[in-house]
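**Q** I'll drop the sequence and a predicted model, then ask my questions.
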Amino acid sequence: MSTALKLTDLSKVFPVGKRLFGPPKAQVRAVQPVTLSVEAGETLGIVGESGCGKSTLARMLVGLLPPSTGTIEIDGQPLDNADPALFGRKIQYVFQDPISSLNPRKTIRQIMEAPLRHLHGMGPSERAARIAEIFAAVNLRPEFLDRYPHEFSGGQAQRIGIARALAADARILILDEPVSALDVSVQAQVLNLLADLKQKFGLTYLFISHDLAVVEAVSDRVAVLYFGSVVEVGPADQVFAKPRHPYTKLLSESAPVVGRPLTAPEGRETELPDPLNPPKGCAFCARCPNAGPECRDQVPPLTQQDDGVWTACFHPL
Amino acid sequence: MMDFLRLLARNRLAFAGLIVMGVVVALAILTPILPLAPPDVTNTANRFQPVLSEGAWLGTDHLGRDLLSRLMWGTRLSVAVGFAAALIAATLGAGIGIVAGFYGGRTDNIIMRGIDMLMAFPYILLALAIVAALGPGLMNALIAVAAVNIPFFARNIRGITVGIAHKEFVDAARLSGMKDARIILSEVLPNVIPVIVIAMSTTVGWMILETAGLSFLGLGSQPPQADLGSMLGEARSALITNPHTSVVPGAMILVIVMAINLLGDGVRDALDPRLKSGALSRPMPATKVDRKTIPYQGDNTDDSLLNIRALETQFHVKNRVYRAVGGVDLRVAPGQCLGLIGESGSGKSVTALSVMGLVASPPGVITGGAAYYKGEDLIGAPYKTLRALRGDRISYIFQDPLATLHPLYTIGDQLAEAIRVHHPVSRGEARARAVDLLKSVRIPNAESRANSYPHELSGGMRQRVGIAMALANDPDVIIADEPTTALDVTVQAQILSLLNDLRRERGLAIIFITHDFGVVAQLCDHVAVMYAGRIVEHGPTNDILRAPAHPYTARLMACVPELGQGRRELAAIPGLPPMVDQLPAGCAFAPRCDMASAACKTGDIALGTTQTGRAVRCLTPHTTAPVEVEV
């Protein structure tokens, strides 16, 4: 297998309290330097809670946000240009909210034609053929093409969003919470469709979600994000079943599971660290049951454990 | 377009404005071919002829020119200049606003500070300055009026554009390879045009007035050319002796501006999506009740606190009837937690809101059933009774605490207010109880946190405040509508265990609405599954999760991935839930059910009881337990 997508030290810093002249008042590090690689044909799940930087990471990967540091490589070639059109042919994005990612004043045909025309410069007959092919692949009826987005249910709109991403003919898809706005019965339809498409077109997925069960059901490997950095990466069946990082353990114990008694897995007063005033050492240290003195002073590096899982922890479980 | 006209016609004043404006514009267009006297030919022998004199219906002015003719030509000019100025101001202002809003940052800052400087001058002074610099003349007056109105459009459009530029479809267009200029023209502009039209329709009248003002001062149209402002200006000296010369153009200005403003208001109401969806109609304090019979409470053997019987709630929108809740029976006893599970649109929230008459009316109508609280029917109870019970005996926790807490009051004040509404206690005492409540939902540093505003708290903390608010008056029943859906899993676990403790400590009855089986399994004793407005299965949580009897329950559970089951294909349910305004006959799930027979699609299916004592609305319920779920 070859590496489809490789990130090296990718990070993002947002200025806070901009001034007309001079430096901003403060800086927030939304994503700490992240190094990850995704194999061709693999699904890498990225989980984390709100504010952990998953969406910022995804937007950097498709060129919607310029990274502060680091590089992105696709199929071994670096992508330095901040032009989304260049990204668009190699890597595409499926949005969380299917309805708001479709312009309410355009027909589905106009929406579908945009990537074909602007990324690939196809003529009208070529476009029509390609759209018909993609619509067949995502189980949408051709008569939908002349309707407007508000006429569709969430599940149908998300299929259209996926169809648009496929139209760009990119091999890598970033799926940013693609099913969290959908009802559970529809959610399963879309997840199964994504699995089919991956088989059919040989796609590589980066699947971002806050729902551990969904990530586990679709991913080959999982990366856990906390406070902007990767704290654990490993095979999907291992990460949640045998977590090595205390935060992953907390996450998997917090997920409601049928048959597990209700317990609060941690004290009720805990809060996330303040991004404007980040802790010096491990960001999870204040919530961690086995934090030692070194955790407060140093950031633990991501290291490989004996079972092959990578964990950023001085005291892995 | 027809829809737009129909909406406009609903507003009678706006429709009258439309007719008047139509007549004025038609006459102005027809002026050159109408048999009128030449407007600029003077005849001083005939000056100051009164109204209705021969050959001049509206009389003549100080130079003996025919007033009717001058009025028509003047109106033509004034209206044309007003519309032209509005069009120019709208185009330039919208262009500036879109560029500023789309690019944001420094571009926005520089452009908008420039606009602010323009706005800092009184508009008439600015217009005068522009005309003074350019010299008098109708064209220059037009430029001045347009320039003065650019900031209004720029500010308005910039605000709208900022919202649109951050929408996901703009990002999607970027990823489709579009360049900025194309995105502005093909993605942003079509979404801004309605706002531009609204802004224009409300300002055209104003611009006609401003042009008339400049002409009145002699800076607009130059003699002998007539426009409404210059006619007024020329008639000023004869105001006392020959009032008709100033009344005629004055009345015309009044008519035009009134008509345009009425029409503009109507256009705004018709185009504004918020107003279209009925935000202008004031909801009633309690849901409208229109029921034929009141179901009997039944034998209250298990001391249920809240006993909902055959509840039916509908939404009447135009000619359509949406049967959101179609006959729901539920009961909860003290200390019990009942889970109400279903997909969006299944009617679970409407059921909960109907109990206290909180469904907005119009369009909501409770068309049947009863909700007995301690034997007293709440449906159709007087507003005073409902108000005394709302938040006191029966309280709600909603999904989004940021939307339910008032952003301008501290959480301590809001809690104290909730207490004082129902109990005559002093401010200090209410405050002390508020702090106690914050402590009871485990908010750290409750004393200082009571002085925080909602936006200063995290999502989990805000939902704790929401729970504290629900607990404020020690209620008997709490109805929690997806209280943890918007929260992260670690926070959700904290909130759920808090609710669980509270119900055990205080003997609360909880109705917990959710779409998550895991949450139901952990918190609820009983669970009712809703589909298309009706309960399809009802029973003890463990039994239902171990062996769902209704095909819908079974398949819904199968399509939810659960942690610990690894990578797998999910058993999706094909199709979509039915629309509740066109429910199929028989079982609503039949079109998606692989066990459906012809009998399922005819006639009403009752909520029957299986041998195992579970209520199921199905002709062929599952009787054997699938083995996948371990409890």
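**A** Done, it's in.

**Q** for chain B, which spans come out with low pLDDT?
**A** In the predicted model of chain B, residues B:1, B:272-281, B:298-302, B:624-631 satisfy pLDDT under 70.

**Q** excluding its backbone neighbours, what's nearest the residue of the stretch 151-300 of chain B found nearest chain A?
**A** Checking the stretch 151-300 of chain B residue by residue against chain A with Cβ to the nearest Cβ singles out B:Gly177 as nearest, at 3.3 Å. Every residue, glycine included, has its C-beta placed from N, CA and C. What sits nearest to B:Gly177 in space, not counting adjacent residues and going by Cβ to Cβ, 6 or more residues apart in numbering or on different chains, is A:His118, at 3.3 Å.

**Q** ditto for B:Asn11
**A** Spatial nearest neighbour of B:Asn11, excluding adjacent residues (Cβ to Cβ, 6+ apart): B:Gly266 at 4.5 Å.

**Q** circling back: could you tell me how many residues sit around the residue nearest to B:Gly177?
**A** 20 (other Cβ atoms under 10 Å in any protein chain shown).

**Q** Only the buried residues of the helix or strand containing it, if you could.
**A** Under the assignment given by DSSP states H and E, the secondary-structure element containing A:His118 is helix A:108-120. For helix A:108-120, the neighbour count (16 or more other Cβ atoms under 10 Å in any protein chain shown) marks A:108, A:111-120 as buried.

**Q** Need the residues that contact that helix.
**A** For helix A:108-120, the external contacting residues (Cβ atoms under 8 Å, 6 or more residues apart in numbering or on different chains) are A:85, A:88-89, A:102-103, A:122, A:126-127, A:130-131, A:134, A:144-149, A:160, A:163-164, A:167-169, B:172-173, B:175-178, B:182.

**Q** Buried members of these into PyMOL, please.
**A** Taking 16+ other Cβ under 10 Å as the burial criterion, the selection of buried members of the contacts of helix A:108-120 in PyMOL is written as:
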select buried, (chain A and resi 85+88+89+102+103+122+127+130+131+134+144+145+149+160+163+164+167+168+169) or (chain B and resi 172+173+175+176+177+178)
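
**Q** which residue is nearest the centroid of chain A?
**A** Centroid-nearest residue in chain A: A:Ile208, 3.1 Å away (criterion: Cα atoms, centre = their mean).

**Q** other SSEs contacting whichever strand or helix holds that one?
**A** According to DSSP H and E, A:Ile208 maps onto strand A:204-209. With contacts defined as 3 or more Cβ pairs under 8 Å, 6 or more residues apart in numbering or on different chains; DSSP states H and E, strand A:204-209 has these neighbours: strand A:3-16, strand A:26-39, strand A:43-47, helix A:54-61, strand A:172-176, helix A:212-218.

**Q** mind listing what that strand pairs with, with the direction of each?
**A** Applying DSSP bridges to the sheet, strand A:204-209 is found paired with strand A:43-47 (parallel), strand A:172-176 (parallel).

**Q** so how far is that strand from its chain's centroid?
**A** In terms of Cα atoms, centre = their mean, to the nearest Å, the gap separating the centre of strand A:204-209 from the centre of its chain is 5 Å.

**Q** now do stretch B:565-577
**A** 34 Å.

**Q** Between the two ends of it, what distance do you get?
**A** Between the opening and closing residues of stretch B:565-577 we find a distance of 27 Å, counting by Cα to Cα, to the nearest Å.

**Q** ok, the residue nearest to the centre of chain A touching A:Leu173?
**A** No: using Cβ atoms under 8 Å as the test, A:Ile208 is too far from A:Leu173 to be in contact (11.0 Å).

**Q** any idea which helix is longest in chain B?
**A** Scanning chain B for the longest helix, with DSSP state H as the assignment, gives helix B:67-103.

**Q** Can you mark which positions in that one are buried?
**A** Buried positions in helix B:67-103, judged by neighbour count with 16+ other Cβ under 10 Å: B:67-86, B:88-90, B:92-102.

**Q** Which stretches in chain A count as strands?
**A** Taking DSSP state E as the criterion, chain A carries its strands at A:3-16, A:26-39, A:43-47, A:69-74, A:77-79, A:91-94, A:172-176, A:204-209, A:221-226, A:229-235, A:303-304, A:310-311.

**Q** What's the per-residue pLDDT of the residue nearest to B:Gly177 here?
**A** If you check A:His118, the pLDDT there is 90.

**Q** measure it to B:Asp488 for me?
**A** 38 Å (Cβ to Cβ, to the nearest Å).

**Q** hang on, the earlier thing: how far away is the residue nearest to B:Asn11 from B:Gly368?
**A** Taken as Cβ to Cβ, the spacing of B:Gly266 relative to B:Gly368 amounts to 39 Å.

**Q** Same question for B:Ala45.
**A** Relative to B:Gly368, B:Ala45 is positioned 85 Å away (criterion: Cβ to Cβ).

**Q** Equivalent analysis for A:Ile134, please.
**A** Relative to B:Gly368, A:Ile134 is positioned 48 Å away (Cβ to Cβ).
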